[in-house]
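[1] what's the 3D shape of this:
(one chain, ligands or ions: 1)
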Amino acid sequence: MCGIVGYHGPRETAAVLIEGLKRLEYRGYDSAGISVLAEDGLKTVKRAGKIKVLQEALQDGLQGRCGIGHTRWATHGEVSEANAHPHMDASGEFSVVHNGIIENCEALRERLQLDGVKFQSQTDSEVIVHLIAKLYRESLEQAVRDTLYMLKGTYGIAVMTSREPGKIVGARYGSPLVLGIGDGEILLASDVTALLAYTRQAVYLQDGEMVIIDDTGYKTRDFHDRIVKKQIELIDWELEQIERLGYRHYMEKEIREQPDAVRRALGGRIDREACSAHLGGLELTPQQLRSIERIRVIAAGTSYHAGMVGGYLIEQIAGIPSFTEIASEIRYRNPVVEPNSLYIAVSQSGETADTLSAMRELRRKGAKVLGMCNVVGSTIARESDGGVYLHSGPEIAVASTKAFTSQLSIFYLLALLFARMHHYSIADGQSFIADLQRIPEQISEILQRSEAIRELAGRYAGYGSMLFLGRGLQYPVALEGALKLKEISYIHAEGCSAAEIKHGPIALVGPDVPCVFLAPDDSLREKSISNMMEVKSRHGRVIAVVTEGDREIEAIADDVIPVPRTSGIMYPFLTVVPLQLFSYYCALERGCDVDQPRNLAKSVTVE
Ligand code: F6R
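    Residues are numbered from 1 along each chain as shown. Take a look at the predicted model:
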């Protein structure tokens, strides 16, 4: 999704903006631009395509003491230079970058056109700059505030004018903005990764807040011009965590970081004495936890799949009815909030618009919603009633991998906590903990065998379609495997319950559609073997992810991917990793842009 960077300080502004925009590349974008305040007014350069195209256009240099920049992910209007941000007014005195969507842009555009304004782009964002120019009297701050009153929708904006040299005004409503406070310099960004090269001190703006940056420093106000006192917070990520560190792609790095990510997610949260878990941020007393009668998980994409595993597991071992639902569906179906229900909003970024909106709707109706996020200070983390951080470190690749296994880790801890409050014995708790603590080492073992998966991917990357099949806890893993393959390699893939194929998808089965079965040694293995036989009798090729040494499935399947032995309920951690590697190597084989797959964005901040 779109990214914003602003800079005020002594460094070469254009270079800082470009560096910041590069840090935001991972979010997905299709054009980029910057405006810099030079001696003779605002200078704006923008280009469709990658940031290096913009950089080439800037080769003659663009000198200035402050500036704003943007990466655009097209929503209103095609990918073009005209539609790229920053947008300028006709006089060239005002410049605006915008993340989000202006819902009443058509009405505003018509009104401005009646006043003679000529639009240069098809974007919703351009109305903002024309409104600011029109409403400007003596202060940029006032013009921005008057404009915000007229906007419906969501926005994070940064604005400059040559009439007030050295000033940047930012405002947030529904789209993140964070200030970076450096030594004699101030940055503004939509994402902390753009700040890390300069500072780790951050001030997070909330919805309805503005910031005014000038030569004297910065001040924060609400939309009614009241002073808002903000804390400076320390960003707990290191710069090197957002570097590729010799890996060809962030996705590969993040797949390989999983043993450590799982260790961090579990770290300090296992209570050996009680054979249970303690999750500090839940903000629930043991009595409140015991009174929970049902759990509802809300999430999108990969986080939804992790939530499905979590829901199945909690119901299975703790006996609490649990259900996982796609966040975008909840919001518009007028959900009923039942008493004694606990809602868990799962989101790596903590900014996904669908999940955030669903969470707000549920809370409006009295629900207690916990957040399970990776990004500290993100909107879902801040607005939830309590929550748990993943501590996976920054996830930069668009395709989510380490966040998934970290989310599983937290769900397994939650399940253990609830199970121990209900009918899990001390011995059950002990063996659960022992199995869980072996997981990072077992993931490492799988990663060490990645060459075999690369070879396998080499043989399957040419297929046009694949089915991923699993049952029980392996069903969400099958969905995740299919999602990973399609998003980065563009091979069509469908995830199904292995039992469900006979109700339709089996019509696709044949030599041209390989089936990836998740069939580790759990309680549903025998059933999966029957489904495998159904595929084999229709001349379908079978790749099976199995527990090592499973000779029976080895004899049936065309190819097997072995994973180490664990207890039945722990397998989702182990079966998902080969699927991530398989997708990664298929994408490499097909020459795809692994870290920035087409049309996708990392943090989906629009509905
Ligand atoms: C898939 C992927 C997406 C995200 C989804 C939710 O690899 O990354 O499906 O999982 O957009 O994002 P978060 O977890 O940030 O809410």
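
[2] Any residues of the stretch 401-550 of the chain in contact with the ligand? List them.
    Selection of the stretch 401-550 of the chain residues close to the ligand by C-beta under 6 Å from any ligand atom yields 483, 487. The way it works is simple: take the backbone N, C-alpha and C, and place the C-beta from them, glycine included.

[3] quick one, helices of the stretch 401-550 of the chain?
    Along the stretch 401-550 of the chain, counting by DSSP state H, counting those that start in this stretch, helices occupy 402-421, 426-448, 450-460, 474-489, 525-536.

[4] In TSV, list those helices along with mean pLDDT and mean neighbour count.
    Compiled in TSV, the helices of the stretch 401-550 of the chain are given as follows (pLDDT from 0 to 100; neighbours: other C-beta atoms under 10 Å):
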stretch	mean pLDDT	mean neighbour count
helix 402-421	98	26
helix 426-448	98	17
helix 450-460	98	16
helix 474-489	98	26
helix 525-536	95	18
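
[5] Which one of those lies nearest to E325?
    helix 474-489 (13.0 Å; C-beta to C-beta).

[6] So which other helices or strands are in contact with that closest one?
    Helix 474-489 is packed against helix 301-313, strand 465-470, strand 492-497, strand 515-518, helix 571-589, with contacts defined by 3 or more C-beta pairs under 8 Å, 6 or more residues apart in numbering; DSSP states H and E.

[7] tell me the most buried of the ones you listed?
    strand 515-518 (a mean of 29; mean count of other C-beta atoms under 10 Å).

[8] Just the CA atoms of it, as CSV, please.
    The C-alpha trace of strand 515-518 is given here as CSV (Å, rounded to 0.1, in the frame of the first residue of the first chain):
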residue,chain,number,x,y,z
CYS,A,515,-2.3,-32.5,-5.3
VAL,A,516,-0.3,-31.5,-2.3
PHE,A,517,-1.5,-33.6,0.7
LEU,A,518,-0.7,-32.7,4.2
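
[9] Please tell me how far it is from the chain's geometric centre.
    Relative to its chain's centre, strand 515-518 lies at 27 Å (C-alpha atoms, centre = their mean, to the nearest Å).

[10] can you check stretch 576-583 too?
    19 Å.

[11] now stretch 464-484
    20 Å.

[12] Distance across that stretch, terminal residue to terminal residue?
    The straight-line separation of the ends of stretch 464-484 (C-alpha to C-alpha, to the nearest Å) is 15 Å.

[13] Let's have the helices and strands packed on helix 474-489 in TSV, adding mean pLDDT and distance to R364.
    What follows is the helices and strands packed on helix 474-489, written out as TSV (pLDDT from 0 to 100; distance: least, C-beta to C-beta, whole Å):
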stretch	mean pLDDT	distance to R364
helix 301-313	98	21
strand 465-470	98	36
strand 492-497	97	33
strand 515-518	98	38
helix 571-589	98	33
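
[14] I'd guessed S328 sits against T352; true?
    No - with contact defined as C-beta atoms under 8 Å, S328 does not reach T352; the gap is 9.3 Å.

[15] Give me the neighbour count for whichever residue of the stretch 501-607 of the chain sits closest to the ligand.
    The nearest approach of the stretch 501-607 of the chain to the ligand comes at V604, 4.7 Å away (C-beta to the nearest ligand atom). By the measure other C-beta atoms under 10 Å, the count of residues near V604 is 21.

[16] residues contacting it?
    Residues counted as contacts of V604 (C-beta atoms under 8 Å, 6 or more residues apart in numbering) are 1, 300, 352-354.

[17] do the same with G64
    By C-beta under 8 Å, 6+ apart, the neighbours of G64 are 13-14, 36-38, 43.

[18] Just send these back as TSV, with secondary structure and neighbour count too.
    Converted to TSV, the contacts of G64 look like this (DSSP: H, G, I helix; E, B strand; the rest coil; neighbours: other C-beta atoms under 10 Å):
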residue	secondary structure	neighbour count
T13	helix	25
A14	helix	24
V36	strand	26
L37	strand	25
A38	strand	17
K43	strand	20
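
[19] Show me whatever sits in contact with both of S328 and T352.
    Contact criterion C-beta under 8 Å, 6+ apart; residues shared by S328 and T352: A300.

[20] and these two? which has more neighbours close in?
    Legend: neighbour count by other C-beta under 10 Å for S328 and T352, higher for T352 (29 against 18).
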